[in-house]
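>>> Return atomic coordinates for the entry below.
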Amino acid sequence: MNVFAIIGRVVLATLAEIGALTRFVWLALTHIVRPPFFWRLIAQQMLRIGYFSLPVVALTAFFTGGALALQIYYGGNTFNSESIVATIVALGITRELGPVLGGLMVAGRVSAAIAAELGTMRVTEQIDALTTLSTNPHKYLVVPRVVAAVLTLPLLVFVADIIGVMGGFVVGTGSLDFNPGVYIKNTVDFLEADDVISGLIKAAVFGFIIAIMGCFHGFNSKGGAQGVGRATTNAVVTASILILAANYVMTSLLFAN
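Predicted structure coming up:
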């Protein structure tokens, strides 16, 4: 019977966590459309989430595009590898690797930072102080981060798409001796607007996941410094898993036809 008791506790704890997360997401969504709007805080968070994440996202995209070009060339050098490399690099970066890797890198940086910041505010009772001062903590702390992440992630991924394709171009023309004009022509001919737009839609969803996970775990942290550390770790892990799961679902929906 102890085994069933353990299973029951795990199931109940999981359902309680899902319920708390659902309620948290609902509060965040409802407060997004209600005034007042803290535009200055949103602008600050856009700077922190977007601009300061640009170097790591750009480097990740560039080397991913270069490595992808090498792998495709070595795997398909018996065919017309020049057209294959250009096409698959462009499609792979814009549809999948750009948004997914960009989202994972931002999750590791931003979700952890949000959870640590809000977790510290929770354990030092600063969030309770906001409530005492008649300031809604969801409106003041959560909404600016969620809005900023949803707006900036597509911009980051768009830049990552450009740099990732450029990484494949640099490797293809510099190391694999491809003709630059032919490489660019193959990229332009096969790349469509829907490929880029689908990646940007994914990026917006990933931005929401990153901000929500960071805020949720930070808001519910407890137990002092160790609790803040656990909240930071849980935020990054859950955000990364949800990004991968959401990517699968959206890929199935966007490219079903």
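>>> Let's verify the closest residue to Val110 other than its chain neighbours: helix, strand, or coil?
Leaving aside its chain neighbours, Val110 sits nearest to Ile49 (5.2 Å; criterion: CB to CB, 6 or more residues apart in numbering). C-betas here are computed from N, CA, C, even on glycine. Three-state call for Ile49 (DSSP: H, G, I helix; E, B strand; the rest coil): helix.
>>> List the buried residues of stretch 132-141.
Within stretch 132-141, the residues that count as buried by 16 or more other CB atoms under 10 Å are Pro137, His138, Lys139, Tyr140, Leu141.
>>> Please apply the same query to stretch 191-211.
191, 195-196, 198-211.
>>> Restricted to helices, list the buried residues of stretch 132-141.
The helices, defined by DSSP state H, take in Pro137 from those.
>>> As CSV, the buried residues of stretch 132-141 with distance to Leu253 and pLDDT would be great.
As requested, the buried residues of stretch 132-141 are exported to CSV (distance: CB to CB, whole Å; pLDDT from 0 to 100):
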residue, distance to Leu253, pLDDT
Pro137, 34, 83
His138, 29, 85
Lys139, 32, 86
Tyr140, 34, 85
Leu141, 32, 87
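>>> packing partners for the helix or strand hosting Phe158?
Here Phe158, judged by DSSP states H and E, is contained in helix 143-174. Contact here means 3 or more CB pairs under 8 Å, 6 or more residues apart in numbering; DSSP states H and E; on that basis helix 143-174 packs against helix 2-32, helix 39-46, helix 54-75, helix 81-92, helix 98-106, helix 180-190, helix 193-219.
>>> Show me how far that helix is from its chain's centre.
11 Å (CA atoms, centre = their mean, to the nearest Å).
>>> between that helix and helix 2-32, how many degrees?
Orientation of helix 143-174 against helix 2-32 (axes from the mean of the first three to the mean of the last three CA atoms, to 10 degrees) gives an angle of 100 degrees.
>>> what's the average pLDDT for stretch 41-56?
Averaged across stretch 41-56, pLDDT comes to 90.
>>> same question, stretch 149-168
92.
>>> Check stretch 179-195 too.
83.
>>> Against Ile18, how distant is the spatially most central residue of the chain?
Among the residues of the chain, the one closest to the centroid is Gly103, at 2.6 Å (CA atoms, centre = their mean). In this view, Gly103 and Ile18 are 22 Å apart by CB to CB, to the nearest Å.
>>> now swap in Ala149 and tell me
From Ala149 over to Ile18 (counting by CB to CB), the distance is 22 Å.
>>> What residues of stretch 43-62 count as buried?
For stretch 43-62, using 16+ other CB under 10 Å, the buried residues are Gln45, Met46, Arg48, Ile49, Gly50, Ser53, Val57, Ala58, Thr60, Ala61, Phe62.
>>> Can you lay out those as CSV showing distance to Pro35?
Shown next, in CSV, are the buried residues of stretch 43-62 (distance: CB to CB, whole Å):
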residue, distance to Pro35
Gln45, 18
Met46, 19
Arg48, 24
Ile49, 23
Gly50, 24
Ser53, 29
Val57, 33
Ala58, 36
Thr60, 38
Ala61, 37
Phe62, 42
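>>> what's the closest of those to Gln126?
Lowest distance from Gln126 to those (CB to CB) belongs to Gln45, with 17.2 Å.
>>> quick one, phi/psi of Ala113?
phi -70, psi -40 (degrees, to the nearest 10).
>>> Correct me if wrong: it contacts Gly214.
Yes: assessed by CB atoms under 8 Å, Ala113 is found in contact with Gly214 at 7.3 Å.
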